[in-house]
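**Q** I would like the atomic coordinates for the input below:
(2 chains)
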2 protein chains.
Amino acid sequence: MTLALIAGAGALPAALAANLLARPFVAAMEGFAPEGLAVDLAFRIERLYPFFNALHDAGVTQVAFAGAVRRPRLDPALFDPATAQIVPRLMHTLAQGDDATLREVIALFEEEGFAVTGAAEIAPALVPGEGLLAGSLTPRDQADAARASAIAEALGRVDVGQGCVVAQGICLATETIAGTDAMLAQVAALPEGLRPPAQAGKGLLYKAPKPLQDRRIDLPTLGPASVAAAAKAGLGGIAWEAGGVICLDQPAMKAAADEAGLFLWARKP
Amino acid sequence: MTLALIAGAGALPAALAANLLARPFVAAMEGFAPEGLAVDLAFRIERLYPFFNALHDAGVTQVAFAGAVRRPRLDPALFDPATAQIVPRLMHTLAQGDDATLREVIALFEEEGFAVTGAAEIAPALVPGEGLLAGSLTPRDQADAARASAIAEALGRVDVGQGCVVAQGICLATETIAGTDAMLAQVAALPEGLRPPAQAGKGLLYKAPKPLQDRRIDLPTLGPASVAAAAKAGLGGIAWEAGGVICLDQPAMKAAADEAGLFLWARKP
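**A** Next comes the predicted model:
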């Protein structure tokens, strides 16, 4: 059973590879190279079937997706005949949104005989179960996490984002296309008068998978940089759905949270 | 029947007053003065019952709310005995969110014998029914408006915001505490690579009341500044729920939209 990581940008592919017993085969989409991980094979969506064949030739039987990829702009001149045939199918699912598109990507790999697995399955240490990893929780924090979970679920159900920021019951920001860092920067930039007074509860960043997404792909991710950004936004901590979020470098996350006085809470949904 | 406008900040109170046959009595919360409208009586939440008595003394029997008010910071030293008695009730509803708080505000006025009315009722000309007010629509715009309506409904159902921005099915931003102008500024600042290519559809701003809100208070509002901000964000137009959104100065909105090449669409939900 040879595993290929289908890697996108960011630190996740290398973290995932470091948690595996054997070095995986690493494939990456052109333009989205992973950090700190050598790429065995670069591919383009326009030449998906030649890419499938190259994976077969390398003995790959199982694949896992890891890392950030944006909707690519396709170059019609580059299509091979087999991939050109599925363009209508790809266009149709792209129009139905991210959840549908990622399910279709999984289906395409499965149709080619690859077993598709997820980060939680191959590197369970990266996906914490229920527990308080740093700091302590007030009843206000617990209420804010419950409210944030309801908001994230509503947003996720319409295929929008995987997180939000809540303080004292008030939603300060929601995650959309620009991502978590942009959302936290918005919160940091909120005018003083719009935020509820910090002494009654600083609020939290919350992350969770979308209710209808396939959890084998695009799990939300947190890391030490998330802790720093949450602290900079004046928040009291980070909560997330236990078992549903990848945490990169948990010792560094805990150290950063302890130093900044933030809680880290893998919360049972 | 003497009407009092309970006015907040912004241009809406004056626009509403200009659409009435008789000049209303104008009351405004301290710190949230309306633009271009003289205030007959300033009040504070901490002295709500003395305020009710002053309205009765002025012969007021009907009230309408108009304009922006933020959650005020209360000064415990200022409470009169009657208002102090309802503080637990106010705190309880504040904790339940904006929809619950505004319903409670209406209930307090009704308990005092005031009839509470809404902008759509006293100035129906400010709340356009179904129709295309400027520009033209592509099928892509229509699909984006349908998607935006579903997102706004999901967000509104968890008492978060009254709008979002969608382009080619992708949610570029959602409205939260910072308001519509901040949301459009976020869209204007999106990195080029995150936005779908404009030639296939520029996207739109969508606004609608929250599904569970009382429509007599806090209807979403659009005006000429919204058109300018949508144009600056690179959008193709503005759509909103017909009969559910206040449009300030529609001739100026239409002129600004025509000049910038934007559509304005009061859409049947």
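**Q** quick one: the helices in chain A?
**A** With helices called from DSSP state H, chain A shows them at A:12-18, A:48-57, A:81-85, A:87-95, A:98-111, A:119-122, A:139-157, A:179-188, A:224-232, A:250-260.
**Q** Packed most tightly, which of those helices would that be?
**A** helix A:12-18 (a mean of 22; mean count of other CB atoms under 10 Å in any protein chain shown). C-beta: built from backbone N, CA, C; applies to glycine.
**Q** Just the CA trace of that one, in PDB.
**A** In PDB, the C-alpha atoms belonging to helix A:12-18 read as follows (Å, rounded to 0.1, in the frame of the first residue of the first chain):
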ATOM      1  CA  LEU A  12       0.300  20.900   6.700                       C
ATOM      2  CA  PRO A  13       1.800  18.500   4.100                       C
ATOM      3  CA  ALA A  14       5.200  18.400   5.800                       C
ATOM      4  CA  ALA A  15       3.500  18.000   9.300                       C
ATOM      5  CA  LEU A  16       1.400  15.100   7.900                       C
ATOM      6  CA  ALA A  17       4.500  13.500   6.300                       C
ATOM      7  CA  ALA A  18       6.400  13.800   9.600                       C
END
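**Q** Could you show which parts of chain A are in contact with chain B?
**A** A:70-71, A:73, A:95-97, A:150-151, A:154-155, A:157-158, A:160-161, A:169-174, A:176-178, A:182, A:186, A:190-191, A:193-197 (CB under 8 Å from any CB of the partner chain).
**Q** Filter the residues you listed down to the buried ones and hand me the PyMOL line.
**A** Buried residues within those, by 16 or more other CB atoms under 10 Å in any protein chain shown, are selected in PyMOL with:
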select buried, chain A and resi 97+150+151+154+155+158+160+161+169+170+171+172+173+174+176+177+178+182+186+190+195+196
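**Q** hang on, the earlier thing: is it possible to export the helices of chain A to CSV including mean pLDDT?
**A** Formatted as CSV, the helices of chain A follow (pLDDT from 0 to 100):
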stretch, mean pLDDT
helix A:12-18, 94
helix A:48-57, 97
helix A:81-85, 95
helix A:87-95, 88
helix A:98-111, 93
helix A:119-122, 90
helix A:139-157, 97
helix A:179-188, 96
helix A:224-232, 97
helix A:250-260, 98
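**Q** do you know which of those lies nearest B:Gly236?
**A** helix A:87-95 (17.4 Å; CB to CB).
**Q** Hey, what's the angle from the closest one to helix B:139-157? Just curious.
**A** With axes from the mean of the first three to the mean of the last three CA atoms, to 10 degrees defining the directions, helix A:87-95 sits at 40 degrees from helix B:139-157.
**Q** Quick check, pLDDT for A:Gly201.
**A** At A:Gly201, the predicted lDDT confidence score is 94.
**Q** Touching, it and A:Asp144? I think so.
**A** Yes - using CB atoms under 8 Å, A:Gly201 is in contact with A:Asp144, at 6.7 Å.
**Q** just to revisit the earlier point, for the helices of chain A, which one sits closest to B:Leu235?
**A** When the helices of chain A are compared (using CB to CB), the closest one is helix A:179-188, at 18.4 Å.
**Q** Can you tell me how far the residue most central in space within chain A is from chain B?
**A** Central residue of chain A (CA atoms, centre = their mean): A:Pro220, 2.9 Å from the mean position. Distance, A:Pro220 to chain B, by CB to the nearest CB, to the nearest Å: 16 Å.
**Q** give me every residue that touches that residue.
**A** With contacts defined as CB atoms under 8 Å, 6 or more residues apart in numbering or on different chains, A:Pro220 is in contact with A:Gln162, A:Gly163, A:Thr180, A:Lys207, A:Ala208, A:Pro209, A:Trp240, A:Gly244, A:Val245, A:Ile246.
**Q** quick one: which two of these are the most distant?
**A** A:Thr180 and A:Gly244 (14.7 Å).
**Q** wouldn't A:Met1 be in contact with A:Val63 here?
**A** No - using CB under 8 Å, A:Met1 is not in contact with A:Val63, being 11.2 Å away.
**Q** What's the per-residue pLDDT of A:Trp240 here?
**A** We have a pLDDT of 98 for A:Trp240.
**Q** Give me the neighbour count for it.
**A** Taking other CB atoms under 10 Å in any protein chain shown as the criterion, the count of residues near A:Trp240 is 31.
**Q** Now for it: which residues touch it?
**A** A:Tyr206, A:Lys207, A:Ala208, A:Pro220, A:Leu222, A:Trp265, A:Ala266, A:Arg267.
**Q** do the same with A:Ser136
**A** Taking CB under 8 Å, 6+ apart, one finds A:Phe263 in contact with A:Ser136.
**Q** do the same with A:Gly236
**A** Shown in contact with A:Gly236 (CB under 8 Å, 6+ apart): A:Asp141, A:Gly201, A:Lys202, A:Gly203, A:Leu204, A:Leu262, A:Phe263.
**Q** Among these, which one lies nearest to B:Leu16?
**A** B:Leu16 lies nearest to A:Gly203 out of the contacts of A:Gly236, by CB to CB, at 34.4 Å.
**Q** ok, and the closest non-adjacent residue to that closest one?
**A** Leaving out its chain neighbours, the residue that sits closest to A:Gly203 by CB to CB, 6 or more residues apart in numbering or on different chains is A:Ala167, at 2.5 Å.
**Q** Okay, and the beta partners of that neighbour?
**A** Beta bridges link A:Ala167 to A:Ile170, judged by DSSP bridges.
**Q** can I assume it is in contact with A:Gln199?
**A** No - counting by CB under 8 Å, A:Ala167 stays clear of A:Gln199, with 11.6 Å between them.
**Q** and the closest residue in space to A:Ala188 that isn't next to it in sequence, how many neighbours?
**A** Counting by CB to CB, 6+ apart, A:Ala188 lies nearest to A:Ala233, which is 4.4 Å off, once chain neighbours are set aside. For A:Ala233, the neighbour count with other CB under 10 Å is 22.
**Q** I'd say A:Ala233 and A:Thr180 touch.
**A** No - assessed by CB under 8 Å, A:Ala233 is found out of contact with A:Thr180, at 10.6 Å.
**Q** Identify the contacts common to the two.
**A** Common neighbours of A:Ala233 and A:Thr180 (CB under 8 Å, 6+ apart) are A:Leu205.
**Q** And A:Ala167 and A:Gln199? Which one has more around it.
**A** A count of neighbours by other CB under 10 Å puts A:Ala167 above the other of A:Ala167 and A:Gln199, at 28 against 6.
**Q** show me the contacts for A:Val187.
**A** Residues near A:Val187 by CB under 8 Å, 6+ apart: A:Val165, A:Leu172, A:Ala173, A:Ala233, A:Gly234, A:Leu235.
**Q** ok, A:Gly201 - contacts?
**A** A:Thr138, A:Arg140, A:Asp141, A:Asp144, A:Ala167, A:Gln168, A:Gly236.
**Q** Oops, could you answer that again for A:Arg267 instead?
**A** With contact set as CB under 8 Å, 6+ apart, A:Arg267 has these partners: A:Glu130, A:Ala145, A:Ser149, A:Ala239, A:Trp240, A:Glu241, A:Ala242.
**Q** So for the first one, what's the nearest residue that isn't a sequence neighbour?
**A** Taking CB to CB, 6+ apart as the measure, A:Glu130 lies nearest to A:Ala242, with 4.0 Å between them; neighbours along the chain are not counted.
**Q** Is the one you found in contact with A:Pro209, as I believe?
**A** No - if you go by CB under 8 Å, A:Ala242 and A:Pro209 don't touch, sitting 11.4 Å apart.
**Q** Quick check on those two: which one has the bigger neighbour count.
**A** The neighbour comparison of A:Ala242 against A:Pro209 (other CB under 10 Å) goes to A:Pro209, with 21 against 17.
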